[in-house]
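Trainee: this one's sequence-less:
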């Protein structure tokens, strides 16, 4: 199965401030192991992340690549593999089609894996934008309570998204996927 992960607040710690360097990028405890366990169980992993810090001039693509290299090396050291990473570098005012909740990043993932659709894929995020993108692209939306997840969960009742599953963190999600043998 294809599992699509948001990055900030799902894999790495995120408090609402921009993460502008590999030195500032720190994994949430248990998240690297969770990604590795999903890989070992036979799942493909893709990352879809909004990175407007590039469009705002806070960091450049070289620094983003360094963050992603750090993440990938940690996952590999734990026995896993990130198959594909895609990101939106645009400022929110740019009105691109790749900034979540738009589905451009998910389309890139679908095309990368040569899939007719993303039906059967799961997308894990911590924000409403992630859940809306997943729903629009035909993925199973999953919310984790890390990052912005608790705040997102509090507001879901006001505007529900059908079929959202909620877990405390990525490790809890991985436990569920592996136990359910999805």
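Mentor: Nice, thanks for sending it over. Everything numeric here is computed off the predicted structure, so don't read it as measured data.
Trainee: so how far is the longest strand anywhere in the chain off the chain centroid?
Mentor: For the chain, the longest strand by residue count, based on DSSP state E, is strand 44-50. In terms of CA atoms, centre = their mean, to the nearest Å, the centre of strand 44-50 is found 5 Å from the chain centre.
Trainee: residues contacting the helix or strand following that strand, please?
Mentor: Later in the chain than strand 44-50, the nearest helix or strand by DSSP states H and E is helix 52-55. Identification of contacts with helix 52-55 by CB atoms under 8 Å, 6 or more residues apart in numbering yields 18-20, 59-61, 64, 88-92, 94, 99. To be clear about C-beta, it is placed using only N, CA and C from the backbone, and glycine gets the same treatment.
Trainee: before we move on, the earlier item: sheet partners, orientation included, of the longest strand of the chain?
Mentor: Next to strand 44-50 in the sheet, as set by DSSP bridges, lie strand 2-5 (parallel), strand 84-88 (parallel).
Trainee: just to revisit the earlier point, taking the contacts of helix 52-55 one by one, which sit in helices?
Mentor: Of the positions in the contacts of helix 52-55, 61, 64 sit in helices, assigned by DSSP state H.
Trainee: and the contacts of helix 52-55 as TSV, adding neighbour count?
Mentor: Listed next are those as TSV, based on neighbours: other CB atoms under 10 Å:
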residue	neighbour count
18	15
19	22
20	16
59	19
60	13
61	11
64	22
88	23
89	18
90	19
91	15
92	12
94	12
99	22
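Trainee: which one of the contacts of helix 52-55 is nearest residue 146?
Mentor: residue 19 (14.2 Å; CB to CB).
Trainee: now the closest one: how far from residue 79?
Mentor: With distances taken as CB to CB, to the nearest Å, residue 19 is found 25 Å from residue 79.
Trainee: got it, and residue 100?
Mentor: For residue 100 relative to residue 79 (CB to CB), the value is 29 Å.
Trainee: neighbour-wise, which of the two wins?
Mentor: More crowded of residue 100 and residue 79, by other CB atoms under 10 Å: residue 100, with 25 against 12.
Trainee: I figured the more buried one was touching residue 51, is that so?
Mentor: No. Counting by CB atoms under 8 Å, residue 100 stays clear of residue 51, with 10.8 Å between them.
Trainee: and for those two, which residues touch both?
Mentor: In contact with both residue 100 and residue 51: residue 88, using CB under 8 Å, 6+ apart.
Trainee: so can I have TSV of the contacts of helix 52-55 showing pLDDT and distance to residue 12?
Mentor: Below are the contacts of helix 52-55 laid out as TSV (pLDDT from 0 to 100; distance: CB to CB, whole Å):
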residue	pLDDT	distance to residue 12
18	96	12
19	97	7
20	97	13
59	97	14
60	97	19
61	97	18
64	98	13
88	98	17
89	98	18
90	97	21
91	95	22
92	93	21
94	95	24
99	97	19
